[in-house]
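Q: please find the sequence and the predicted model below.
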Amino acid sequence: MNRYSYCFTTEIPDWLKPHKKILSDCFDQIDQPNTDKSYLKLIGDKLIWWDSELGDFEIDSFKPEKKPKILKGKSELLAKALEIKKSGDLVIDATVGLGKDSRFLIELGAKVVGCEKDPLVFLLLQSALQQADKKIQNSFELHFEDCQKFLAHFNPDGPFNIYLDPMFEGELGSAKPKKSMQVFRKLNLKGDLQILIDAALASRAKRVVVKQPLKSREHQYKVIHCYQGKSVRYDLLSR
């Protein structure tokens with residue numbers, strides 16, 4: 001697990017207090033900002049990651065102005081792939097990342113449970129959720145845990161589906177990656193997709209869907225159906 005630094009010049013906000021153990025276990029406190037070292041800081045009640053090369057970075061996917069465009073409602077490819085047919089359908093976002101797909105799933109009507117094992121990304125996501133409206137806050141449950149371990153004990157009363165998006169791995173190799181992708185690359189957050197897919201397929205999930213670039217190489221798993229768009233596809237995997 002990565003270890004980070006933080007420098008807070010003000011008292012921590014109430015929403016962050018339940019997560020103080022993460023700060024003590026996974027971060028080193030520094031007294032003064034160091035221009036040669038990246039660190040986590042507070043601006044008001046909001047967490048910002050200051051990168052020594054890239055500057056300020058925050059996760060803002062849950063802000064009201066970042067609401068994604070839903071053009072086809074339940075006919076969206078992702079809604080079809082995950083069978084989101086009614087409000088409250090449960091989806092496990094096994095690769096939350098920046099939270100963009102979680103936000104999209106919520107806007108489609110799903111209730112989303114996400115797992116994030118990196119302490120910095122988890123806290124940045126929690127900070128982003130403080131800026132969200134009540135609909136998002138009530139529809140998104142975020143856990144600080146490796147999703148493989150989470151799935152081993154996850155046993156809801158009703159059905160659920162699992163969604164995985166490893167696409168940032170491909171984006172990291174692009175000529176001009178977005179700032180967020182540059183930050184993720186520097187944090188070295190690449191996980192073992194195969195282990196995660198195996199855990200998803202071994203769970204009680206009705207469906208396991210993997211998002212892929214349209215022209216990405218085929219993976220080793222059997223695909224029942226491919227929901228294909230202009231630039232991405234959603235592979236429904238078979239057990």
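A: On my side now, so go ahead. Numbering: from 1, shown residues only.

Q: what about the chain, any weak spots by pLDDT?
A: 1, 71-74, 167-176, 217-219 (pLDDT under 70).

Q: could you chop it up by domain?
A: Listed by automatic domain parsing, the domain ranges of the chain are 4-57, 64-237.

Q: mean neighbour count added to these, as JSON lines?
A: C-betas here are computed from N, CA, C, even on glycine. What follows is these, written out as JSON lines (neighbours: other C-beta atoms under 10 Å):
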{"stretch": "domain 4-57", "mean neighbour count": "14"}
{"stretch": "domain 64-237", "mean neighbour count": "17"}
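
Q: middle-most residue in the protein, spatially?
A: By C-alpha atoms, centre = their mean, the mean C-alpha position of the chain lies nearest to V96, the distance being 1.4 Å.

Q: how about the strands in the protein?
A: 4-6, 27-29, 39-43, 46-51, 55-57, 90-93, 111-115, 140-143, 161-164, 207-213, 223-228, 232-237 (DSSP state E).

Q: out of the ones you listed, nearest to A128?
A: Comparison of these against A128 by C-beta to C-beta identifies strand 46-51 as nearest, at 8.6 Å.

Q: show me what the closest one is packed up against.
A: Applying 3 or more C-beta pairs under 8 Å, 6 or more residues apart in numbering; DSSP states H and E, one finds that strand 46-51 contacts strand 39-43, strand 55-57, helix 119-129, helix 179-187.

Q: which elements pack onto the second one?
A: This points to strand 55-57. strand 46-51, helix 179-187.

Q: chain center to the first one, what's the gap?
A: Here the centre of mass of C-alpha atoms in strand 46-51, compared against the chain's by C-alpha atoms, centre = their mean, to the nearest Å, lies 17 Å away.
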